[in-house]
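Participant: Using only what follows, build the 3D model:
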Amino acid sequence: MLTAFARAFRTPDLRKKLLFTLAIIVLFRIGSHIPVPGVSFEMVRSCVEDSNKNSLFGLVNMFSGGALLQLTIFALGIMPYITASIILQLLTVVIPRLEALKKEGQAGTAKITQYTRYLTIALSVLQATALIATARSGALFSSARSATCDPQGIVPDDSLFRVIVMVVVMTAGTSTIMWLGELITDRGIGNGMSILMFVSVAAGFPAALWTIKEQGTIGDGWIPFFTVIAIGLVMVGLVVFVEQAQRRIPVQYAKRMIGRRAYGGTSTYIPLKVNQAGIIPVIFASSLLYIPALIAQFSGGKSDWAVWIERHFVKGDHPLYMITYFLLIVFFAFFYVAITFNPEEVADNMKKYGGFIPGIRAGRPTAEYLNYILTRITWPGSLYLGMIALVPSIALVLFNANQNFPFGGTSILIIVGVGLETVKQIESQLQQRNYEGFLR
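Facilitator: I've put the predicted structure just below:
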């Protein structure tokens with residue numbers, strides 16, 4: 001693998017793409033440490049150090065590479081774009097106009113991408129306003145009050161002009177992240193948005209691992225440190241195994257005579273991944289569970305129902321939270337697969353071009369067969385997602401390190417998924433030059 005890296009850097013055009021991608025990553029990380037004008041950086045740093053890391057905004061903070069809680073210009077991170085992309089993908093199934101655009105090919109895809117950008121800007125304005133309001137009210141670090149941390153002193157000047165400036169700067173930061181991601185896609189290696197998401201998640205790994213070492217009591221903290229690393233390596237291997245697993249349904253195309261030439265007669269397959277839904281169900285379930293906790297936090301947390309939610313759904317180690325989280329992930333896995341893969345549409349396209357599955361009649365029987373296979377492989381995929389997502393909650397019970405436990409849930413799925421996809425792209429470019437790549 002190291003030899004393949006060396007060969008990649010010895011190839012001029014591939015080296016230029018890799019160096020360009022690394023340069024964009026450096027700019028992205030620099031922007032994640034530049035504070036927004038009007039924020040007391042010293043107070044933010046004190047509150048971050050005193051925070052118990054069981055933040056209600058843990059998911060968004062992870063996608064921003066820790067920039068959210070530090071209130072930097074890239075505080076919103078890649079999350080508005082992810083949310084906008086998911087919304088557009090869901091609306092494509094509901095709105096006929098978007099479905100028609102999707103079928104128009106490259107021109108329709110470009111139009112949908114434009115709509116995604118507009119929606120990202122709108123969501124950025126809303127999320128920036130909500131984040132600033134949360135910071136002004138002191139709810140962002142409500143669990144970190146101490147002699148050095150005053151959550152309500154994070155935004156000293158709460159005038160309307162200052163708030164508007166902060167919202168504009170955070171929205172501009174999200175637009176810049178979008179632009180940087182598209183630059184990587186056009187001139188670098190891999191999907192730009194996925195690479196930036198990978199960097200945001202991986203940026204918190206060293207600090208999280210060292211915090212586990214500092215909080216450990218057995219063997220001066222080194223035993224929990226190496227135990228977590230060993231667990232992480234095992235999980236990476238398991239996630240790679242499942243993410244690469246797929247059911248290949250054979251498809252044959254009959255020969256067709258057009259004039260004096262014969263077309264078709266080829267054999268191919270439809271690859272159905274075990275984890276067909278990817279990371280989307282985990283994001284859906286996490287976002288849905290944040291809603292009652294947010295409502296309870298902004299209500300003051302003094303009523304009986306707010307205390308009940310605080311006890312059962314905020315910290316993440318309660319059995320009720322784990323069961324609800326697991327069931328939501330399973331439900332959203334089936335829901336997302338159902339709206340993104342249409343067996344009837346696939347069967348109609350196969351019938352239109354003369355394709356058929358051996359032993360299955362074309363048309364409706366093919367659609368029923370595909371639906372049957374998809375349901376069977378979605379069950380283990382959804383259960384696998386649920387178990388992976390519960391790893392941080394289990395770590396909270398075992399290591400008392402919920403947000404500090406890096407190898408679990410959303411983070412491990414992003415790291416492995418984006419890493420595999422990027423390695424495959426480098427591998428394909430190396431194979432074009434008859435080089436030995438990463439995968440043997």
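Participant: pull the helix or strand with minimum mean pLDDT from this structure.
Facilitator: In the chain, no helix or strand scores lower on mean pLDDT, DSSP states H and E than helix 58-63, which sits at a mean of 62.
Participant: Which positions in stretch 31-39 come out as buried?
Facilitator: 31-32, 35-36, 38-39 (16 or more other C-beta atoms under 10 Å). All C-beta atoms are positioned from the backbone trio N, CA, C, and that covers glycine.
Participant: out of those residues, which are inside helices?
Facilitator: residue 31 (DSSP state H).
Participant: Can you add pLDDT and distance to residue 307 and give the buried residues of stretch 31-39 back as TSV?
Facilitator: Shown next, in TSV, are the buried residues of stretch 31-39 (pLDDT from 0 to 100; distance: C-beta to C-beta, whole Å):
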residue	pLDDT	distance to residue 307
31	86	39
32	85	35
35	84	34
36	86	33
38	80	34
39	80	31
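Participant: what two of the buried residues of stretch 31-39 are the furthest from one another?
Facilitator: Between any two of the buried residues of stretch 31-39, the greatest separation by C-beta to C-beta is 17.9 Å, found for 32 and 38.
Participant: which parts of stretch 201-218 are buried?
Facilitator: Here stretch 201-218 shows 201-204, 208-209, 211-213, 216 as buried, counting by 16+ other C-beta under 10 Å.
Participant: Closest one to residue 364 out of the buried residues of stretch 31-39, please.
Facilitator: Among the buried residues of stretch 31-39, residue 32 lies closest to residue 364 (C-beta to C-beta), at 52.1 Å.
Participant: Tell me which helix or strand comes right after the helix or strand containing residue 392.
Facilitator: If you go by DSSP states H and E, residue 392 is part of helix 391-399. Heading C-terminal from helix 391-399, the first helix or strand you meet, by DSSP H and E, is helix 409-432.
Participant: what mean pLDDT would you report for that next one?
Facilitator: On average, the pLDDT along helix 409-432 is 80.
Participant: which residues sit against it?
Facilitator: 4, 7-8, 11, 14, 59, 62, 189-191, 194-195, 197-198, 201-202, 204, 232, 235-236, 239-240, 243-244, 278-279, 282-283, 286, 385, 388-392, 436-439 (C-beta atoms under 8 Å, 6 or more residues apart in numbering).
Participant: do stretch 86-105 as well
Facilitator: Against stretch 86-105 from outside (C-beta under 8 Å, 6+ apart): 108-109, 111-112, 115-116, 119, 280, 283-284, 339-340.
Participant: buried residues in that stretch?
Facilitator: Buried, per 16+ other C-beta under 10 Å, within stretch 86-105: 86, 88-90, 92, 98, 101-102.
Participant: Greatest separation within those residues: which pair is it?
Facilitator: 86 and 101 (17.0 Å).
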